[in-house]
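A.B. asks: what follows is a protein structure lacking sequence information:
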């Protein structure tokens, strides 16, 4: 089941929320900053351990931590690409960010997951293009598994909400 809501991803009760992280995993602005702030220091400490072990997280990849004080059990941190007019494989990298997040969810027995609008903030990925990639990747993945029961796209702003709403009706 796929749902769409407009709201604050840090308040969603699911097994895992997805963090639109940066490669350092040390927090940042937007969704990343909000998740680290609301979840508390445990998330940052676990991210620092991952960094020490593997040196951060590459664009298109994902890592998992506990969720600290958030209502979720886990945070899956994924790094979307910075938009560079489509010249640096951004479409493929964004799709990989969603796909690797879903694979990690499956490997950790996560049945419900909420996604923000990855790469559409300071990374400037065109919102409509990003939404199409997100929806297509998620639906293609769900055709191959029945283990993930609920996916929620959480839009922080009206523009993304309208775009997702329109695309999900098609």
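C.D. replies: The structure has been received and is ready for your questions. Remember, it's a predicted structure, so these values are computed and weren't measured experimentally.

A.B. asks: name the residues that touch stretch 154-170?
C.D. replies: With contact meaning CB atoms under 8 Å, 6 or more residues apart in numbering, stretch 154-170 is reached by 2, 4-9, 12, 31, 114-117, 120, 127-128, 131-132, 135, 153. C-beta: built from backbone N, CA, C; applies to glycine.

A.B. asks: strands of this protein, start to end?
C.D. replies: For the chain, the strands defined by DSSP state E occupy 2-6, 16-21, 62-66, 74-79, 112-115, 150-155.

A.B. asks: each with direction, which strands does the second one pair with?
C.D. replies: So the one you mean is strand 16-21. Strand 16-21 sits in its sheet next to strand 74-79 (parallel), strand 112-115 (parallel), going by DSSP bridges.

A.B. asks: so the longest one versus strand 62-66, what angle?
C.D. replies: It refers to strand 74-79. Relative orientation of strand 74-79 versus strand 62-66 (axes from the mean of the first three to the mean of the last three CA atoms, to 10 degrees): 150 degrees.

A.B. asks: and strand 74-79, how far from the chain's centre?
C.D. replies: Centroid separation for strand 74-79 versus its chain: 6 Å, with CA atoms, centre = their mean, to the nearest Å.

A.B. asks: so what's the residue positioned nearest the centre of the chain up against?
C.D. replies: Residue closest to the average C-alpha location in the chain (CA atoms, centre = their mean): residue 18, at 3.6 Å. Neighbour list for residue 18: 9, 75, 76, 77, 78, 101, 113, 114, 115, 116, 118 [criterion: CB under 8 Å, 6+ apart].

A.B. asks: mind running it again at 6 Å?
C.D. replies: 76, 101, 115 (CB atoms under 6 Å, 6 or more residues apart in numbering).

A.B. asks: which strand residues bridge it?
C.D. replies: Note on residue 18: beta-bridge partners residue 76, judged by DSSP bridges.

A.B. asks: can you tell me how far the nearest residue to residue 67 once chain neighbours are set aside is from residue 62?
C.D. replies: Of all residues not flanking residue 67 in the chain, residue 75 sits nearest, at 5.1 Å (CB to CB, 6 or more residues apart in numbering). Relative to residue 62, residue 75 is positioned 10 Å away (CB to CB, to the nearest Å).

A.B. asks: can you check residue 56 too?
C.D. replies: In terms of CB to CB, residue 56 sits 12 Å off from residue 62.

A.B. asks: buried stuff in the lengthiest helix in the chain?
C.D. replies: Ranked by residue count under DSSP state H, the longest helix found in the chain is helix 90-107. By neighbour count with 16 or more other CB atoms under 10 Å, helix 90-107 contains the buried residues 90-91, 93-102, 104-106.

A.B. asks: pick the one among those closest to residue 52.
C.D. replies: Of all the buried residues of helix 90-107, residue 104 has the smallest distance to residue 52: 19.4 Å, by CB to CB.
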